[in-house]
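Asks: Sequence first, then the predicted structure, then my questions.
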Amino acid sequence: MCLAIPARVERVEDTAAWVRLGDAQVRVQLDMTPQAGVGDWVLVHAGFAIQQLDEDDVRAIWESLGELDAARLNEGATP
Amino acid sequence: MSTLRQRMSALLAVLNAEADRLDRPVNLMEVCGTHTVAACRSGIHALMPNNVRLLSGPGCPVCVTAQRYIDALVRLGARADVTLATYGDMVRVAGEGGSLELARSNGADVRVVTSTIEAVDIAQREPQRQVVFAAVGFETTAPASAACVLEAQRRGLTNFAILPCHKLVIPAMRTLLDDPQTRIDGFLCPGHVSVVIGSAVYDEIVARYNRPCVVGGFEALQMMESVLALVRQLVAMQGGARARNENLYPQVVRAQGNPHARALIDRVFAPGDSAWRALGVMEDSGLDLREEFADFDAFRRFGIVLGDDREPPGCRCGEVITGRCEPNDCKLFGTVCTPIYPVGPCMVSSEGACQAWFKYRRARMKISAPRREEVTA
Ligand code: SF4
């Protein structure tokens, strides 16, 4: 329940945004990252962006989460 | 040999050398369920020096949720006018009256959501239903619960409520350290909880108990680095140094956390007493809805009173989440209790220590000794 995944903001609508997670576009709330705009990276957790991230840091985070996240998705767990 | 393996071997060599300088065996606790899963998946336990034990902590939200809360949810689900919205992990945990999954098979309207806003959307789409969101989890999920209450208020929904059962990490760490039965020498602090609350909050634990705290990432190497940082501190403390609070995950965890997320929690919730599995009722260890949002409190709306807890017979989850025993110390582990037929929440939850041990460690345990020698040679 505490796993979070980085994603890039593709579209902003009011207090929500559409981010890319793999092949899917997912709607996330920006209540906790109100400054995030199109092109910015955010850390997504249970339908909310919980932190804005520097692009430089994202690759490292992806590498660390990729394997774990894949396991979770295969097991059908919630984020 | 891959770069990753080279780095891991180098790290292990340093860790083993540092651990040799310890004058006693030490227990380190990973507080977060996601760390537990990551550690089991990557086989980190098997690589620990003989005098360093990595214990699982109370960081799996489903595992720490008291039985009485699950019972209240199941009872609520039995009402014909109520739709329960919940994160998927909660569905299979059994209370005395069974699980939400069982309730659903008996006709209860239980819906799994991946975001609290989905629960608000259900309430808006189906005004004839009373929609209740099971608001569980630590500080990572609490802002999302706060946001859904504000959103329901904004949309003027009178058929939406939450059943608040959030837990705060710091009081749990304090209780574990106050307990004479538990010996924890250092904490590997939860990564994503810390995104919200910030790394500075552990200063209190470090100062009051003189125990090192390290915030770290979830990759095997990052976890090893965190363990090394803790062991280094413990070695330095033998020479008289004080414990320190270190943040090894600064890419995502800032000292003050996420101010917007913290403000959301503070706007909607106030700290209140909360019942934890195994740890009992701890003062100010949970979050109650503020008076201003009482209309969104399912406890009040439905007059819910929490009962008592009765743990599944033979299950040692309480000891597992407080680091007093390990999953395979439980007689039911892997025999009566498996992920398919789980007895306790630690086997139900994808972040539970028993499930993580069952999935990833059972096979590895058999090869751990030679593998360790090979890596340390
Ligand atoms: S193995 Fe099963 S019964 Fe034993 S402590 Fe873990 S969840 Fe409980």
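Replies: In hand now; what should we look at?
Asks: show me what contacts the residue nearest to the spatial centre of chain A?
Replies: Taking C-alpha atoms, centre = their mean as the criterion, A:Val44 is the residue nearest the geometric centre of chain A, at 3.1 Å. When contacts are counted by C-beta atoms under 8 Å, 6 or more residues apart in numbering or on different chains, A:Val44 touches A:Ala4, A:Ile5, A:Pro6, A:Ala7, A:Val19, A:Leu21, A:Val26, A:Val28, A:Ile50, A:Pro79. Every C-beta, even on glycine, is put in place using the N, C-alpha and C of the backbone.
Asks: Let's have those in a markdown table, adding distance to the ligand.
Replies: Formatted as a markdown table, these follow (distance: C-beta to the nearest ligand atom, whole Å):
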| residue | distance to the ligand |
| --- | --- |
| A:Ala4 | 26 |
| A:Ile5 | 27 |
| A:Pro6 | 32 |
| A:Ala7 | 33 |
| A:Val19 | 35 |
| A:Leu21 | 31 |
| A:Val26 | 32 |
| A:Val28 | 33 |
| A:Ile50 | 29 |
| A:Pro79 | 23 |
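Asks: Any chance of a PyMOL selection covering the buried ones in those residues?
Replies: Buried members of the contacts of A:Val44, defined by 16 or more other C-beta atoms under 10 Å in any protein chain shown, are picked up in PyMOL with:
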select buried, chain A and resi 4+5+6+7+19+21+26+28+50+79
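Asks: So the residue nearest to the centre of chain A belongs to a strand, correct?
Replies: Yes: counting by DSSP: H, G, I helix; E, B strand; the rest coil, A:Val44 is part of a strand.
Asks: beta partners for B:Val281?
Replies: Counting by DSSP bridges, B:Val281 forms beta bridges with B:Ala275.
Asks: Tell me, how many residues neighbour the closest residue to B:Asn328 other than its chain neighbours?
Replies: Excluding the flanking residues, the one nearest B:Asn328 by C-beta to C-beta, 6 or more residues apart in numbering or on different chains is B:Trp357, at 6.5 Å. For B:Trp357, the number of neighbouring residues by other C-beta atoms under 10 Å in any protein chain shown comes to 25.
Asks: got a list of what B:Trp357 touches?
Replies: By C-beta under 8 Å, 6+ apart, B:Trp357 lies in contact with B:Cys40, B:Glu326, B:Pro327, B:Asn328, B:Phe333.
Asks: How much space separates it from B:Arg21?
Replies: From B:Trp357 across to B:Arg21, the span is 30 Å (C-beta to C-beta, to the nearest Å).
Asks: residues contacting the residue of the stretch 101-250 of chain B found nearest chain A?
Replies: Residue nearest to chain A within the stretch 101-250 of chain B: B:Ser115 (2.3 Å; C-beta to the nearest C-beta). Contacts for B:Ser115 (C-beta under 8 Å, 6+ apart) come out as A:Val28, A:Gln29, A:Ala46, A:Gly47, A:Phe48, B:Ala144.
Asks: downstream neighbour of the longest strand along chain A in the secondary structure list?
Replies: In chain A, taking DSSP state E as the definition, the longest strand is strand A:5-13. Once strand A:5-13 ends, the next helix or strand along the chain (criterion: DSSP states H and E) is strand A:16-21.
Asks: what angle do that following strand and strand A:5-13 make?
Replies: 140 degrees (axes from the mean of the first three to the mean of the last three C-alpha atoms, to 10 degrees).
Asks: so what strands line up beside strand A:16-21?
Replies: Strand A:16-21 sits in its sheet next to strand A:5-13 (antiparallel), strand A:24-29 (antiparallel), going by DSSP bridges.
Asks: number of nearby residues for B:Gly303?
Replies: By other C-beta under 10 Å, 7 other residues sit near B:Gly303.
Asks: does it belong to a helix or a strand, and which?
Replies: Counting by DSSP H and E, there is no helix or strand that carries B:Gly303.
Asks: Next one: it relative to chain A, how far apart?
Replies: To chain A, B:Gly303 is 28 Å away according to C-beta to the nearest C-beta, to the nearest Å.
Asks: separation between that residue and B:Asp297?
Replies: In this view, B:Gly303 and B:Asp297 are 11 Å apart by C-beta to C-beta.
Asks: Excluding chain neighbours, what is closest to whatever residue of chain A ends up closest to chain B?
Replies: Nearest residue of chain A to chain B: A:Gly47, at 2.3 Å (C-beta to the nearest C-beta). Nearest residue to A:Gly47, sequence neighbours excluded (C-beta to C-beta, 6+ apart): B:Ser115, at 2.3 Å.
Asks: Could you tell me which ranges of chain A sit under the pLDDT cut-off?
Replies: By pLDDT under 70, the low-scoring segments of chain A are A:1-3, A:60-79.
Asks: does B:Thr83 have beta-bridge partners, and which?
Replies: As for beta bridges, B:Thr83 partners with B:Asp109, B:Val131 under DSSP bridges.
Asks: can you pull the contacts of it?
Replies: Neighbouring residues of B:Thr83 by C-beta under 8 Å, 6+ apart: B:Asp109, B:Val110, B:Arg111, B:Ile122, B:Glu126, B:Arg129, B:Gln130, B:Val131, B:Val132.
Asks: so the fourth one touches B:Arg129, yeah?
Replies: Yes: under the criterion of C-beta atoms under 8 Å, B:Ile122 lies in contact with B:Arg129, with a separation of 7.4 Å.
Asks: And chain A, is whichever helix or strand B:Val74 is part of touching that?
Replies: In this assignment (DSSP H and E), B:Val74 forms part of helix B:67-77. No: contact of helix B:67-77 with chain A (C-beta under 8 Å from any C-beta of the partner chain) is absent, the minimum separation being 14.8 Å.
Asks: Any residue of that helix touching the ligand?
Replies: No: for helix B:67-77, no contact with the ligand is found by C-beta under 6 Å from any ligand atom; the gap never falls below 12.4 Å.
Asks: Going by contacts, tell me the helices and strands next to that helix.
Replies: With contacts defined as 3 or more C-beta pairs under 8 Å, 6 or more residues apart in numbering or on different chains; DSSP states H and E, helix B:67-77 has these neighbours: strand B:82-86, strand B:94-95, strand B:98-99, helix B:100-105, strand B:130-137, strand B:160-166.
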